[in-house]
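# The sequence isn't on hand, but the structure is:
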């Protein structure tokens, strides 16, 4: 007879002092100067600070340069199909709410082929962190226009320059039902980036973080002026927003006060992208409904009943 052991959710993991080495897997193969390296370092640091057990942490990705991320983490990972990171991650969280789930996606993976899944994942508001690596180009397939490429971007698909206005991922997400956490940071602002990812992890729901990320090969000139110009960044500051100490905050010339509980104002602030790059917490609502509260772990069926049903089914195939 088959004898299925108790649910892994019931196993208490021993206390351990995890180091960065416990989360760092193989050497990252992104191009030199790619902003993804900074994001990877920040996430590994977060895992260490929060002492996330590697065996209870999952990184799910789709396809693209960013989606190589799970290979560089010594945790569980799922490198899925193009645009399909969200449904996989939601399935993992629905069945295993005890796991720490991160979604790694890119501007093409999320905002193009995966746009339908992006919409519903925001609505489900399951407890996970979504990191959108937005370099405004298809990098893995060698320079095609992406949904976030600005008008005039010359690429292999638009050699004379793209002709349509780009999607604003922040504005789009803020317009979706049941949205609960929307933030933005930049890879060349490591202190702010780390504080943003930390705030996202601590949020009880789906945290959507767009990271403005440099591509040194195919979009070298796109963000370079922003990196060099201190006036090109606007920091959203509030006691309930992304925390920076006075020394860190003093490095920014433009700081505006924004209450992240104000959704209408958040949508107005998201339009600053036409003039500058706003970074900070746009919106947060911890009271929104979460679909994982009604997951497979909470269907009114005990572990004993579930395991009994599985054993009965498996015994039909026992010799």
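Right, received. Where do you want to start? These numbers come from a predicted model, not from an experiment. Numbering: from 1, shown residues only.
# quick one, strands of the stretch 51-200 of the chain?
Here the stretch 51-200 of the chain has its strands, by DSSP state E, counting those that start in this stretch, at 57-61, 76-79, 100-106, 128-134, 181-186.
# Show me what the second one is packed up against.
Meaning strand 76-79. strand 57-61, helix 85-95 (3 or more CB pairs under 8 Å, 6 or more residues apart in numbering; DSSP states H and E). (Each C-beta comes from the backbone N, C-alpha and C, glycine too.)
# give me the number of residues near residue 178?
In terms of burial, residue 178 registers 16 neighbours under the definition other CB atoms under 10 Å.
# how close does it get to residue 262?
According to CB to CB, to the nearest Å, residue 178 stands 17 Å off from residue 262.
# Residue 251 too?
From residue 251 to residue 262 the distance is 26 Å (CB to CB).
# Please apply the same query to residue 306.
Distance, residue 306 to residue 262, using CB to CB: 44 Å.
# so how far is residue 177 from residue 215?
Distance from residue 215 to residue 177, counting by CB to CB: 32 Å.
# per-residue confidence at residue 293?
Note on residue 293: pLDDT of 84.
# Now for it: which residues touch it?
Taking CB atoms under 8 Å, 6 or more residues apart in numbering, we find residue 293 in contact with no residue.
# Roughly how far does residue 104 sit from residue 90?
From residue 104 across to residue 90, the span is 15 Å (CB to CB).
# How about residue 172?
Distance of residue 172 to residue 90, computed by CB to CB: 19 Å.
# which one of these two has more residues nearby?
With neighbours defined as other CB under 10 Å, residue 172 and residue 90 compare such that residue 90 has more, 23 against 19.
# Could you pull up the residues touching residue 167?
By CB under 8 Å, 6+ apart, residue 167 lies in contact with 111, 147-148.
# Spatially nearest residue to it (excluding sequence neighbours)?
residue 147 (4.5 Å; CB to CB, 6 or more residues apart in numbering).
# how close does the one you found sit to residue 63?
For residue 147 relative to residue 63 (CB to CB), the value is 15 Å.
# what about these two, which has more around it?
Using other CB under 10 Å, the more surrounded residue of residue 147 and residue 63 is residue 63, with 22 against 19.
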